[in-house]
Structures are given as structure tokens and as C-alpha cells.
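> would you be able to build a 3D model of this:
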Amino acid sequence: MTRLPRQIHAVSAAFAVTMLGDGLAITALMLDFHDRHAGAGAIAALFAAMSLPAVLLAGVSGRIADRVPPRRLLPPVGAALTAVCAAMAYAEAVGVLIGLFAVLSALMTIVMPAVFVAVTRSAPGDLLSRATGRVSAGASLGVLLGTALGGFLLDWLSLREVLLIDAATYVAILLAGFAFPRLGPGEEHPRADRSGFLVGIRALRGQSLVFRLLVLGAVLGFAIQLMNVAEVFLVRDDLRGSGTAFGALTMVCAAGQMAGAWFAGNHLARRPTGTVAFVAAGVSGLLILGTAVTFHLPVLFVIMAVEGSTGAAFSVAKQTTIGRDVPAEHRGSASAAGSAVNNTVMVLALVAGGTLTSVLEPRLIFAISGGLVLAALALTVTRLLDGRRAARTPAVAGEPTLADTASRRH
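Residues are numbered from 1 along each chain as shown. The predicted structure follows:
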């Protein structure tokens with residue numbers, strides 16, 4: 001088996017470290033806001049600060065990713081991330097903390113599509129899915145460790161100390177940039193004539209499978225966010241689980257994501273991505289639906305582990321498809337546009353989840369979420385098969401074909 005380039009390992013390690021720091025920081029900020037009695041509005045604003053920059057800056061981040069090489073981009077952005085997070089450590093007001101957190105999210109919005117472009121160029125062909133899987137697994141490992149340590153460390157450290165630890169983890173982004181080779185004399189980074197959000201959307205729309213996976217992934221992401229909102233009520237109220245059990249569920253899901261990303265990366269090296277994505281989405285939908293009729297906490301742990309792995313497998317398959325099918329000069333814009341869609345869906349799901357949990361039982365929300373995924377999957381597969389049948393159907397006798405029409409014009 002061909003070895004992955006060193007920059008893939010560097011990016012995977014950097015994501016593991018930074019996601020660990022982010023997990024620590026988010027957990028610490030939420031607990032700190034709670035202890036200050038800042039209210040649900042402050043928590044909601046924190047999540048908005050995490051999601052909205054990816055939507056608002058999609059055009060800019062995609063344009064940068066398509067035009068600036070990673071060795072030139074990642075070191076200064078990594079340094080800026082470190083500086084902003086260090087400034088957060090010395091901020092006191094909740095509003096200032098949320099504002100600086102939004103700046104952090106904006107900087108990460110620049111990093112993500114740039115890293116995606118760098119990975120697709122560093123690991124082309126059969127290496128692409130493995131590289132995507134390794135980077136995703138690294139991020140999941142960071143989430144797993146950060147979630148496990150977040151609440152524990154805040155019992156021993158202050159918010160300032162936790163945020164300073166998070167600031168130190170962003171140095172990994174800076175260092176990862178130096179793992180990419182310098183451009184040689186006279187060598188230029190490939191640049192697209194046009195780039196940005198609309199270019200990215202057109203690039204995604206121009207590839208049938210890519211666009212269908214993007215839409216299906218948006219529905220799956222919406223369902224998972226609904227599930228996340230309702231999960232605490234299911235665990236605490238229906239299943240009588242402890243706070244420790246709820247935290248352990250998040251860890252189990254992250255462990256499943258890490259395993260699923262690793263497996264999918266290896267499995268897709270020489271295989272088509274569509275089948276894996278559709279199977280993963282179908283299993284995820286069934287598991288979410290099955291949660292509605294789960295009455296034992298150990299069973300829920302198993303479901304969350306498997307659902308985490310299938311969700312990660314779907315994500316790796318989708319990203320690999322984008323890397324294979326979207327033209328190289330537009331991959332940064334496509335990645336940023338896809339991220340904007342996903343984050344918009346996440347915000348809508350959080351709003352919908354907060355509304356639905358106030359009027360519906362959590363089990364019904366799980367049932368609705370699973371049903372949405374399965375319905376979207378059925379529609380996606382049906383439309384895709386119809387399109388392929390139409391492409392294979394010969395022209396009706398006597399009806400001019402495209403070739404006939406072209407020959408008559410010339």
C-alpha cells in the first residue's frame with residue numbers, strides 16, 4: 001500500500017490537537033456562561049458565533065483557498081488563531097468572549113477549505129479517500145479527547161487557563177503549513193479565473209452525484225442536529241441517565257466517528273463513493289429512527305457508536321466525491337460553499353430543535369429525524385436511477401438525436 005505524503009499526517013495531527021483544544025474551550029465556555037447565569041441566549045449566541053462565519057465568509061474563504069498555497073496561508077492564520085484565543089483568555093465580558101469566538105470561527109473558515117484543497121492536491125487518485133479519512137479521524141480523536149477532558153479540567157483550572165491551552169493548540173495549524181513543499185523557481189500555485197461562493201455552488205451543481213450527496217448530507221446534518229437537541233431530554237428524563245452517562249455518549253459517538261472515517265478512507269481507495277454514501281445514510285436514518293423505541297441506556301450507547309461511524313463514513317465519501325469530481329481549480333470554492341450550506345442547515349436545525357422540544361416528546365423528534373433521512377435517501381436514489389435510465393434509453397425512431405441536430409447545423 002502506497003504511503004500517504006507527510007503533509008497528510010501533519011494536517012491530521014494538527015486537526016487532532018486543535019479540535020482537542022476547541023473541545024476544551026467550548027465545554028469550558030458553556031459551563032462558565034451557565035455559572036454566571038448568562039442565560040440560554042448567551043449559549044445560543046456562542047453556537048451562532050461558531051456557525052455563522054462559515055456562511056457569511058464562504059465566498060472569501062473559497063477564493064483564498066483556490067488562490068493561495070497552504071505553505072503561505074496556514075502559518076499566518078495559525079499565528080492569528082493563537083493570538084485571538086490568547087486574547088479571549090484575558091477577556092471578562094460575555095459579549096467580548098462571544099465576539100472573539102466569532103473571530104476564531106472566521107479564521108477557521110479560512111483554514112478548512114484551504115486544507116481540503118491542499119489534501120486533494122497532495123493525495124490524488126487512490127490516496128484521496130485515505131487522506132480524507134485520516135484527517136477526519138484526527139479531528140474526531142481531538143473531539144473525543146477534548147470532550148472527555150473539558151469538564152474535568154474546569155474543575156481544576158480556571159477558564160483563562162483552559163483558553164490559554166486552546167491558544168497553544170492552534171500553533172499546530174501554523175506548523176502544519178510548513179509541512180507543505182515550497183513552490184519551485186518559476187512554479188505557480190494553480191489559480192482559477194473565477195472563484196467564490198456562486199462559483200462553488202455552480203461547481204457542486206455541475207456534478208450530479210456531488211450535488212445529490214450535498215443535499216442528502218444537508219438533510220442528514222439537519223436530522224442529527226435535531227437529535228442532538230433532543231438527546232439530553234431522552235437521556236436525562238426518559239432513560240434516567242446521569243450527567244456522566246450523557247457525556248460518555250458524546251465520547252462514544254466521537255469514537256465511532258473516528259473508526260468510521262478510518263474505515264471509509266481505506267475502503268473507498270479504489271471503489272465508487274456513491275454506494276458507500278447511500279448505505280451509510282440509510283443505516284444512519286434507521287439508527288436515528290430506532291432510537292425512538294430504545295428504552296435501555298446500554299442499547300443507546302451501541303446506537304450512538306454505530307451512528308457516529310456511519311455518519312463519518314458518509315462525510316468521507318462525500319468529501320472524496322468532491323475531491324474526485326469537482327475541477328481542481330474550483331475545489332476551494334466548492335468546499336467553502338458546501339460548508340456554508342452545512343452551517344446554515346445547522347443553525348436552522350438548532351432553532352427548529354429548540355422549538356420542537358418545547359412541544360413534542362424527544363422520542364417523536366427522533367422518529368421525525370430518522371424519517372426525514374430515509375425519505376431524502378429514497379428520493380435521492382430514485383432520482384439518480386431515473387436519470388441513469390434516461391441516459392441509457394435510446395432515442396425514439398424518427399426523433400432527431402443530438403448528433404443529427406449538430407450535423408444539420410454544420
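
> excluding chain neighbours, what is closest to L73?
Among residues not flanking L73 along the chain, A114 sits closest, at 5.3 Å (Cβ to Cβ, 6 or more residues apart in numbering). All C-beta spots, glycine's among them, are computed from the backbone N, C-alpha and C.

> which residues sit in contact with V111?
L74, V77, G78, L81, I173 (Cβ atoms under 8 Å, 6 or more residues apart in numbering).

> out of these, what pair is the most spread apart?
The largest separation in the contacts of V111, counting by Cβ to Cβ, is between L74 and L81 at 10.0 Å.

> immediately after whichever strand or helix holds A176, which helix or strand?
Applying DSSP states H and E as the criterion places A176 in helix 171-177. Sequence-wise, the next helix or strand downstream of helix 171-177 (DSSP H and E) is helix 197-205.

> just checking, what packs against that next one?
Secondary-structure packing of helix 197-205 (3 or more Cβ pairs under 8 Å, 6 or more residues apart in numbering; DSSP states H and E): helix 58-67, helix 208-233, helix 331-357.

> now those in a markdown table, with distance to L128?
Formatted as a markdown table, these follow (distance: least, Cβ to Cβ, whole Å):
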| stretch | distance to L128 |
| --- | --- |
| helix 58-67 | 17 |
| helix 208-233 | 14 |
| helix 331-357 | 11 |
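
> check contacts around the residue nearest to T321 when sequence neighbours are not counted.
Of all residues not flanking T321 in the chain, T273 sits nearest, at 4.5 Å (Cβ to Cβ, 6+ apart). Taking Cβ under 8 Å, 6+ apart, we find T273 in contact with S129, L209, L213, A317, K318, T320, T321, R324.

> now do 6 Å
The neighbourhood of T273, defined by Cβ atoms under 6 Å, 6 or more residues apart in numbering, consists of A317, T320, T321.

> between the residues you listed, identify the one with the most neighbours.
The most crowded member of those, judged by other Cβ atoms under 10 Å, is A317 (30 neighbours).

> any weak-confidence spans in the stretch 301-410 of the chain?
Residues of the stretch 301-410 of the chain meeting the criterion pLDDT under 70: 393-410.

> ok, 80 please
Residue ranges of the stretch 301-410 of the chain with pLDDT under 80: 354, 386-410.

> and the chain, what are its domains?
The record's domain split for the chain, according to automatic domain parsing, is 1-181, 208-325+359-390.

> now what about stretch 307-320, what contacts it?
The contact list for stretch 307-320 (Cβ under 6 Å, 6+ apart) reads 128-129, 132-133, 136, 213, 217, 253, 256-257, 259-261, 264-265, 268, 273, 276-277, 280-281, 283-284, 287.

> A83 versus the closest residue to A223 other than its chain neighbours, what's the distance?
Of all residues not flanking A223 in the chain, S369 sits nearest, at 3.8 Å (Cβ to Cβ, 6+ apart). S369 sits 40 Å away from A83, going by Cβ to Cβ, to the nearest Å.

> out of those two, which sits in the busier spot?
Between S369 and A83, counted using other Cβ under 10 Å, S369 has the larger neighbour count: 30 against 14.

> ok, which stretches of the stretch 1-150 of the chain are strands?
Ranges of strands in the stretch 1-150 of the chain, per DSSP state E, counting those that start in this stretch: none exist.

> low-confidence ranges in it?
Low-confidence segments of the stretch 1-150 of the chain (pLDDT under 80): 1-2, 27, 30-31, 34-35, 37-41, 43-44, 124-126, 147-150.

> which residues in it form helices?
For the stretch 1-150 of the chain, the helices defined by DSSP state H, counting those that start in this stretch cover 6-35, 40-56, 58-67, 70-89, 94-122, 127-154.

> tell me the most buried of these?
Comparing these by mean neighbour count (mean count of other Cβ atoms under 10 Å), helix 58-67 comes out on top with a mean of 25.

> give me the angle between that one and helix 40-56.
Angle of helix 58-67 versus helix 40-56, following axes from the mean of the first three to the mean of the last three Cα atoms, to 10 degrees, is 50 degrees.

> helices or strands up against helix 58-67?
Here helix 58-67 touches helix 94-122, helix 197-205, helix 331-357, going by 3 or more Cβ pairs under 6 Å, 6 or more residues apart in numbering; DSSP states H and E.

> centre of the chain to the first one, how far?
Spelled out, that is helix 94-122. Helix 94-122 has its C-alpha centroid displaced from the chain centroid by 12 Å (Cα atoms, centre = their mean, to the nearest Å).

> again with the second one
Distance of helix 197-205 from the chain centroid (Cα atoms, centre = their mean) equals 18 Å.

> CA atoms only: put that helix into PDB for me.
Provided in PDB are the C-alpha atoms of helix 197-205 (Å, rounded to 0.1, in the frame of the first residue of the first chain):
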ATOM      1  CA  PHE A 197     -19.500  31.300  -3.300                       C
ATOM      2  CA  LEU A 198     -21.500  31.300  -6.500                       C
ATOM      3  CA  VAL A 199     -18.700  29.600  -8.400                       C
ATOM      4  CA  GLY A 200     -18.500  27.000  -5.700                       C
ATOM      5  CA  ILE A 201     -22.300  26.300  -5.900                       C
ATOM      6  CA  ARG A 202     -22.100  26.000  -9.600                       C
ATOM      7  CA  ALA A 203     -19.200  23.600  -9.300                       C
ATOM      8  CA  LEU A 204     -21.200  21.400  -6.900                       C
ATOM      9  CA  ARG A 205     -24.300  21.700  -9.000                       C
END
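
> for it, buried residues please.
Going by neighbour count (16 or more other Cβ atoms under 10 Å), the buried part of helix 197-205 is F197, V199, G200, I201, A203, L204.

> who's in contact with the fourth one?
Under the criterion of Cβ under 6 Å, 6+ apart, the contact partners of I201 comprise A337.

> tell me how far it lies from A334.
Relative to A334, and taking Cβ to Cβ, I201 is found at 8 Å.

> now swap in P69 and tell me
Distance of P69 to A334, given as Cβ to Cβ: 18 Å.

> looking at those two, which has the bigger crowd around it?
Between P69 and A334, counted using other Cβ under 10 Å, A334 has the larger neighbour count: 32 against 20.

> how about the more buried one, what does it touch?
G200, A203, L204, I322, V326.
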